[in-house]
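Enquirer: Predicted coordinates and the sequence they were generated for:
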Amino acid sequence: MSALDVEGFQKLPKCFYGLKLHNDSNWCYANSCLYCVLWTLLNVDAPNIQQWGPHCVVLTDFLTRHAKQTAVLADYSWFQDILCAWGPSQGQKDSAECAQHFLKWLQTDAFDMSWERRLDTAEGFISLDHSIAHTPILLTITHRMHAVGQCTLNDLISAWSQEQSMRAALLGAPSCLCLAIDRHYQDEAGHISRSMCNIGLETEVNMPVFVNSSLKYDFSGYIPVAGIAHLGSDLAGHCRAVLKIQPTMISSTQPAAFLETEDGVAPRPIWHAPPWFTQNVTVIWLVRTDRLRLPLYHPPSQANHLSEDLEALTESKDNTSDEASAVPDTALLQLLQAQDGAMNPE
């Protein structure tokens with residue numbers, strides 16, 4: 001399949017809604033990660049080849065081919081390349097590590113988690129720590145957050161940016177970010193336990209961004225659009241994802257604001273992020289607020305005819321793009337996201 005134009009990219013979300021990823025071994029972590037990577041890229045406005053990186057054709061072809069047939073990641077050479085660069089084990093792996101290897105393979109400027117941790121000294125401002133573009137930013141649940149039982153992403157980011165009287169901030173404000181959450185904590189007796197602190201996906205977060213070589217920084221707004229929850233122990237258990245969609249009505253009695261994923265079935269629309277997710281989420285994917293373009297949801301039955309349309313797009317285009325005409329303006333989108341019971345008008 002050749003590279004898609006803007007109209008082709010606008011149709012890709014409809015293929016995504018029918019995407020089923022098989023798991024015949026321990027691939028739940030990879031399935032969840034791929035759902036989140038694809039969904040995050042599909043939520044950025046003005047999509048293009050550069051935004052998806054050098055493997056754009058591989059990913060868009062994969063997505064259109066599997067709008068109506070189940071995919072097995074292990075059968076694809078590009079996924080095998082990711083595993084080979086990671087290590088020989090085919091068992092359960094960490095979702096945050098999986099995200100890092102996916103992003104390293106993706107090689108797109110849409111994601112850039114580069115940050116520094118700076119300190120003001122008598123000799124001037126110095127950098128005491130830093131990260132690279134493809135590594136998810138690691139956030140830690142504090143003892144206070146664990147004791148309260150809930151926190152926000154802004155709480156976690158604030159704690160990260162002010163750790164040990166230093167200032168941590170991004171070096172830029174990319175279109176997309178990936179955050180990892182360390183849920184392990186040490187109690188007073190020295191035992192390491194896993195926190196079940198609730199973290200939601202509903203609100204906008206403020207990421208600090210350095211504006212020069214000093215400690216001066218500003219904030220850039222980001223909307224969480226996807227997350228991976230790891231249920232169970234580190235080397236076992238199960239991974240699932242939850243994805244944010246435009247608030248909409250699936251039927252006259254069924255509203256939806258999220259999709260939940262499971263191996264072997266298409267993403268299922270739900271209204272609230274479930275407790276199993278908020279208490280176990282370990283990786284969160286975000287899109288910068290001014291770049292966000294939440295696609296409209298279409299049932300998978302409507303997506304079954306789309307792969308043929310997309311494969312023939314370079315030869316024969318549709319006359320209209322219902323996706324473009326159905327997306328509300330920015331002010332209306334922000335209003336819908338801000339109200340729990342809001343419904344998206346047709």
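Expert: Structure received.
Enquirer: Return the helix or strand in the chain with minimum mean pLDDT.
Expert: Within the chain, confidence by mean pLDDT, DSSP states H and E is lowest for helix 322-326 among all helices and strands, at a mean of 35.
Enquirer: mind listing the helices for the stretch 1-150 of the chain?
Expert: Residue ranges of the helices in the stretch 1-150 of the chain, as given by DSSP state H, counting those that start in this stretch, are 6-16, 28-42, 49-52, 56-65, 77-86, 95-106, 143-148.
Enquirer: Tell me the gap between the first one and the middle of its chain.
Expert: Meaning helix 6-16. Between the mean C-alpha location of helix 6-16 and the chain-wide mean there is a distance of 18 Å, by Cα atoms, centre = their mean, to the nearest Å.
Enquirer: Show me what the mean pLDDT comes to for that helix.
Expert: In this model, helix 6-16 has an average pLDDT of 83.
Enquirer: Repeat that for the third one.
Expert: Helix 49-52 shows a mean pLDDT of 82.
Enquirer: What helices and strands are in contact with that helix?
Expert: Contacts of helix 49-52 with other secondary structure elements, assessed using 3 or more Cβ pairs under 8 Å, 6 or more residues apart in numbering; DSSP states H and E, are made with helix 56-65. All C-beta atoms are positioned from the backbone trio N, CA, C, and that covers glycine.
Enquirer: Could you check the helix it packs on and say which residues are buried?
Expert: Residues of helix 56-65 classed as buried under the neighbour-count rule (16 or more other Cβ atoms under 10 Å) are 56, 58-65.
Enquirer: next one: phi and psi at the residue lying closest to residue 53 once chain neighbours are set aside?
Expert: Spatial nearest neighbour of residue 53, chain neighbours left out: residue 108 (3.4 Å); criterion: Cβ to Cβ, 6 or more residues apart in numbering. Main-chain torsions, residue 108, degrees, to the nearest 10: phi -120, psi 140.
Enquirer: Dump the buried residues of helix 56-65 to JSON lines, plus distance to residue 146.
Expert: As requested, these are exported to JSON lines (distance: Cβ to Cβ, whole Å):
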{"residue": "56", "distance to residue 146": "41"}
{"residue": "58", "distance to residue 146": "41"}
{"residue": "59", "distance to residue 146": "38"}
{"residue": "60", "distance to residue 146": "42"}
{"residue": "61", "distance to residue 146": "44"}
{"residue": "62", "distance to residue 146": "39"}
{"residue": "63", "distance to residue 146": "39"}
{"residue": "64", "distance to residue 146": "44"}
{"residue": "65", "distance to residue 146": "44"}
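Enquirer: Need the residues you listed in a markdown table (columns: distance to residue 278 and pLDDT).
Expert: As requested, those are exported to a markdown table (distance: Cβ to Cβ, whole Å; pLDDT from 0 to 100):
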| residue | distance to residue 278 | pLDDT |
| --- | --- | --- |
| 56 | 33 | 91 |
| 58 | 33 | 93 |
| 59 | 29 | 93 |
| 60 | 32 | 91 |
| 61 | 34 | 92 |
| 62 | 30 | 94 |
| 63 | 28 | 93 |
| 64 | 33 | 91 |
| 65 | 33 | 91 |
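Enquirer: now, the most widely separated pair of those?
Expert: 56 and 65 (14.7 Å; Cβ to Cβ).
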